[in-house]
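Asks: model this:
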Amino acid sequence: MGQLMVNLPVITVIIIAAFILKQVGLSWNFAVILGTGAGWFVWGKLIDKWKYWALNNGVERERLYKLGILGFLNFYKHRIFED
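Replies: Residues are numbered from 1 along each chain as shown. Presented below is the predicted three-dimensional model:
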């Protein structure tokens, strides 16, 4: 579920932002960098939503941290164990 809640929207934001910025006239390199920045911002918001969704559905914090690593969703232990 984390892939659908976090990674898919983030990749979509990066691609769409880069495409729009390229159409505005920026170089591909700069458009991809700015798109990645937008994706990173969205990731920060969505990872918290994913965490609260999982905790409200009975997933323990340690298991959530391990699932986050396996799914390339979260690599930071403090994002799971600190509220």
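Asks: which residues touch the residue nearest to the spatial centre of the chain?
Replies: Most central in the chain under Cα atoms, centre = their mean is W43, positioned 2.6 Å from the mean C-alpha point. W43 makes contact with 6, 10, according to Cβ atoms under 8 Å, 6 or more residues apart in numbering. For glycine as for every other residue, the C-beta is placed from the backbone atoms N, C-alpha and C.
Asks: quick one: mean pLDDT for the helix or strand it falls within?
Replies: W43 is part of helix 28-56, with elements assigned from DSSP states H and E. Here helix 28-56 scores 92 as its mean pLDDT.
Asks: for it, buried residues please.
Replies: For helix 28-56, a neighbour-count test (16 or more other Cβ atoms under 10 Å) marks 31-32, 34-36, 38-39, 42-43, 46-47, 50-51, 54 as buried.
Asks: what's the first helix or strand after it?
Replies: Scanning forward in sequence from helix 28-56 by DSSP H and E, the next helix or strand is helix 61-70.
Asks: elements contacting that following helix?
Replies: With contacts defined as 3 or more Cβ pairs under 8 Å, 6 or more residues apart in numbering; DSSP states H and E, helix 61-70 has these neighbours: helix 28-56, helix 78-81.
Asks: which parts of the shortest one are buried?
Replies: The reference is to helix 78-81. Neighbour-count burial for helix 78-81, counted by 16+ other Cβ under 10 Å, picks out 79-80.
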